[in-house]
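J.: curious how this folds, go ahead:
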Amino acid sequence: MTTTLDTTTDPYHSRTTAEWEATPRIDPVVWGDVASGPLDEARCTSYEKNGYLVAHELFSQRETTALHAEAERLAAEAEPGPGVVIEPESRAVRSLFRLHETSELFRCVASDPRLLDVARQLLGGEVYVHQSRINFKPAFDGKEFFWHSDFETWHVEDGMPRMRAVSVSLFLTASTEFNGALLLVPGSHKTFIRCVGETPENHHEKSLKKQEFGVPCPEAMRMLVDHGGMDSARGPAGSAVFFECNTMHGSSGNLSPWPRTNFFIVYNSVENRLVEPFGGTPARPAFLGDRDATPVGAWNETRGR
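T.: Sure, this is the predicted structure:
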């Protein structure tokens, strides 16, 4: 399907040109201030500079043991269908989506002040959950996630207007250099990479297993890494990494005998709620981009929780 898009009014248009392009970010990185949340000035400055920060052992061993057991139970009971992504070769569960809707334990994590208050501070006010999921990387056979900016996909395919969202990856197992830890490019959040290629119909059905559109080309990645280097988010279970929605990230496969499991949650500002996708395609399903922008803090009052 070919759609004519107005690239003159969209500063973050992508998949619209024959060649990749790099353009400067025009949005703030930290929307709040030091007084509005738990992060001190040094941590806010680090996040603004690098596009991510790691909080070691934010949750206790007892908490993460219970969360990991819940994740394993949900995976064992999962049936193929919307929100359940299966590895094409091994038939193992790769991702489970919308955990804040289907699990009481993970719903509590989504509203936990240790995560929520940081998100509110970084985004300058009330937030809602754009997406939540568990990612599994089983021992010896966990597959890679290729380099990408989440915002590129959320803008093009979901209709997220601006860079005003933060992702949190909570480690339910230890994350090490051996089991496929999250890789990040420091400073990459300040450059938006326009990708090439027209988005196929129902792209999400394949991209959740292997993304081929909306990913940077090798030349773009070399440019970003030459400028910012590479880092990995490592730590014991209970640690968490907060990363800006445009930070380039990915992870390698897991060849180790230790699984890597994490709970991934995206907070979006209520002032940045989704509109029509900027790529001209129908919006992805709600489990990928929730269009209900009810603030997390109002869940109990407005959503029967």
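
J.: bridged to the residue nearest the centre of the chain, which residues?
T.: The residue at the geometric middle of the chain, judged as the C-alpha nearest the mean C-alpha position with C-alpha atoms, centre = their mean, is Ser167 (4.6 Å). In this structure, Ser167 bridges to Phe243, Val266 when assessed by DSSP bridges.

J.: and it, how far is that from Glu72?
T.: Look at Ser167 and Glu72: by C-beta to C-beta, to the nearest Å, they are 23 Å apart. For every residue, glycine as well, the C-beta is placed using N, CA and C.

J.: then Thr247?
T.: Thr247 is 29 Å from Glu72, where distance means C-beta to C-beta.

J.: all helices of the stretch 201-305 of the chain, in order?
T.: Counting by DSSP state H, counting those that start in this stretch, residue ranges of the helices within the stretch 201-305 of the chain are 204-207, 218-228, 299-302.

J.: would you single out the least confident of these?
T.: For the helices of the stretch 201-305 of the chain, the bottom mean pLDDT is recorded on helix 204-207, which sits at a mean of 46.

J.: returning to that earlier point: neighbour count winner among Thr247 and Glu72?
T.: The residue with the greater number of neighbours, taking Thr247 and Glu72 and applying other C-beta atoms under 10 Å, is Thr247; the counts read 27 against 16.

J.: all strands for the stretch 151-300 of the chain, in order.
T.: With DSSP state E, counting those that start in this stretch as the criterion, the stretch 151-300 of the chain has strands at 165-171, 182-184, 191-194, 231-233, 240-244, 249-251, 260-269.

J.: name the strands paired with the fourth one and say parallel or antiparallel.
T.: Sheet pairing for strand 231-233, assigned by DSSP bridges, gives strand 182-184 (antiparallel).

J.: give the pairing partners of whatever helix or strand Val54 lives in; include direction for each.
T.: Using DSSP states H and E, Val54 maps to strand 52-55. Under the criterion DSSP bridges, strand 52-55 sits next to strand 240-244 (antiparallel) in its sheet.

J.: quick revisit: what's next to the strand holding Val54, contact-wise?
T.: Outside strand 52-55, the residues that touch it by C-beta atoms under 8 Å, 6 or more residues apart in numbering are 39, 43, 46-47, 184, 186, 231, 233-235, 239-244, 247.

J.: CA atoms of that strand as CSV?
T.: Only the C-alpha atoms of strand 52-55 are listed here, as CSV (Å, rounded to 0.1, in the frame of the first residue of the first chain):
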residue,chain,number,x,y,z
TYR,A,52,19.4,5.8,30.2
LEU,A,53,20.2,5.0,33.8
VAL,A,54,20.6,1.7,35.8
ALA,A,55,19.2,1.3,39.3
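
J.: low-scoring stretches of the stretch 101-250 of the chain, by residue?
T.: In the predicted model of the stretch 101-250 of the chain, residues 200-213 satisfy pLDDT under 70.

J.: switch to 80 and redo it
T.: Applying pLDDT under 80 to the stretch 101-250 of the chain flags residues 199-213.

J.: burial count for Pro257?
T.: The local packing of Pro257 (other C-beta under 10 Å) involves 9 other residues.

J.: contacts only, for it.
T.: Residues near Pro257 by C-beta under 8 Å, 6+ apart: 139-140.

J.: rerun that using 10 Å as the cut-off
T.: By C-beta atoms under 10 Å, 6 or more residues apart in numbering, the contact set of Pro257 is 139-140, 178-179.

J.: and those, which is closest to His130?
T.: Checking those against His130 with C-beta to C-beta, the nearest one is Asn179 at 26.8 Å.

J.: what number of residues lie near Arg120?
T.: A total of 24 residues lie near Arg120 under the criterion other C-beta under 10 Å.

J.: wait, it sits on Asn268?
T.: No: Arg120 lies out of contact with Asn268 (C-beta atoms under 10 Å); the separation is 11.7 Å.
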